[in-house]
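In: Sequence isn't available, so here's the structure alone:
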């Protein structure tokens, strides 16, 4: 392991683990235990003792895949050649996917010159002498994968058992209800919110559309569920208000009939974030679960009066969908394909409710595409020229990196010298060649020097990483610019790479927030 490379400890606990997170604490007890366990191992290991330690932690993440913030940060440090050895308490902390774990242990880490130690499993790559992953190690990772699947099945079974018993174990309850403070996982009516729900159904029975109901609620300054439940939420938009979508969701929710449905989705695989929708006929429904807010007759009348709204209709996808915002109200614009003589266009869906004069109520999609494409090509040319002219900056970056690396080596050497001096001082005190007062005085001075050096080393490493990342961003940007230069049509791929946000205004002015690294 080279002098500049560090020792990494990786800590993980899943919310599905038996010794899961202790609620109300900043981190779980298991994480603290893993940290102390690994640091003690490093202190006693002759090759690792005295090396600088980097900690990477994932508290509350599954081990069935590698998509964890701490894990990704550690793998990034491995790619940057900053880590020489990785320690985990056992293989299950690193990964419960035996195929993925085997690939890293037998291919990736050896190729990068990174040592790997799983303490409780007795695995230390330094003792493998270049051999491939042993059968016992491969079998151990397979056991962890099977254990993870078993835990997942138990959690799913427990969840379904609670639902079948009538417990509401989901997150937020629908508007009009709240969780009981007396009975765990029971749902009761919130009278303040319930009045709003009843009035929405009453307006729908009177023949009002969802857009008209949303406008009436806005005019009467009726707060939304978010405004009532999270009044201090700073992320709320200034013009946050009711929408026809919110109203339709309430009018179509059978929860207001006293029903609770579950089993609406299933995970693609253990540890996967992706879910698959279950057909409505296969949902599990408990009737009479809680007190209803509307009668079946009222619900049926509203359902008959409401126009069909299918979320499964195939619509023409525009590359700018989700990126275009109204400069007047700040909400995203909806895209409408061509309909007869009306050309395809973007329109402000909130204007009918908010009635803000500056809203961009209509913008021709073809004209917007041409404007965005022109601005994008101009920006690519401008930034490409800037990046090509940065050779002096690149040379300066290389010099700074070399200077920082040299400075870090000197500081680490000085740190080790002071550490050895402190150890020698203790030996003199232990054999009685120095009294406690003198030892304490000199030891405190050495500890202060070590602390100061440690701070300087960390600061230099942070600056080194910052400059490396900046240089890497410039290289990546230039690659993308060369790849997409001279675009003749606006594509989804180009929009995703370069455009973060497009704001359009009533006077047909267009402002683009780019996705470049600044």
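Out: Happy to help now that I have it. Just so it is clear, the model here is predicted, and its values are computed rather than measured. Numbers count the residues shown, from 1 in each chain.

In: In stretch 335-342, which residues are buried?
Out: Buried residues in stretch 335-342, counted by 16 or more other C-beta atoms under 10 Å: 335-336. The C-beta positions use only the backbone N, C-alpha and C, and glycine is treated the same way.

In: can you give me the offset of that stretch from its chain's centre?
Out: Put simply, stretch 335-342 sits 37 Å off its chain's centre (C-alpha atoms, centre = their mean, to the nearest Å).

In: for it, how far is the first residue from the last?
Out: 13 Å (C-alpha to C-alpha, to the nearest Å).

In: List the contacts of that stretch.
Out: 315-316, 318, 320-321, 324, 344-347, 365 (C-beta atoms under 8 Å, 6 or more residues apart in numbering).

In: ok, now how distant is residue 493 from residue 322?
Out: 15 Å (C-beta to C-beta, to the nearest Å).

In: brain fart, residue 496
Out: Residue 496 is 10 Å from residue 322, by C-beta to C-beta.

In: In what element of secondary structure is residue 86 found?
Out: Residue 86 belongs to strand 83-88 when assigned by DSSP states H and E.

In: re earlier: need the contacts of stretch 335-342 in CSV with secondary structure and distance to residue 165, can you?
Out: As requested, the contacts of stretch 335-342 are exported to CSV (DSSP: H, G, I helix; E, B strand; the rest coil; distance: C-beta to C-beta, whole Å):
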residue, secondary structure, distance to residue 165
315, coil, 41
316, coil, 46
318, coil, 47
320, coil, 48
321, coil, 43
324, strand, 47
344, coil, 51
345, strand, 51
346, strand, 48
347, strand, 47
365, helix, 52
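
In: pLDDT check: weakest of the residues you listed?
Out: Lowest-confidence member of those: residue 315, scoring 59 (pLDDT).

In: measure the residue nearest to residue 94 when sequence neighbours are not counted to residue 446 for me?
Out: In this structure, residue 94 finds its nearest non-sequential neighbour in residue 88, 4.7 Å apart by C-beta to C-beta, 6 or more residues apart in numbering. For residue 88, the distance to residue 446 equals 32 Å [C-beta to C-beta].

In: Counting neighbours, go ahead and name the busier of those two.
Out: Between residue 88 and residue 446, residue 88 has the larger neighbour count (other C-beta atoms under 10 Å), namely 23 against 15.

In: isn't the more buried one right up against residue 123?
Out: No. Using C-beta atoms under 8 Å, residue 88 makes no contact with residue 123, being 9.4 Å away.

In: which stretches of the chain have low pLDDT?
Out: Applying pLDDT under 70 to the chain flags residues 1-4, 15-29, 98-99, 128-155, 233-239, 267-274, 305-316, 387-394, 473-477, 517-518.

In: what residue of it is the furthest out?
Out: Relative to the centre of the chain, the most outlying C-alpha is that of residue 433, 56.9 Å out, by C-alpha atoms, centre = their mean.

In: So that one: helix, strand or coil?
Out: Here residue 433 is recorded as coil under DSSP: H, G, I helix; E, B strand; the rest coil.

In: For it, give me phi and psi.
Out: phi -90, psi 10 (degrees, to the nearest 10).

In: Likewise for residue 52?
Out: Torsion angles, degrees, to the nearest 10, at residue 52: phi -70, psi 140.

In: quick one: it and residue 84, what's the gap?
Out: Distance from residue 52 to residue 84, by C-beta to C-beta: 10 Å.
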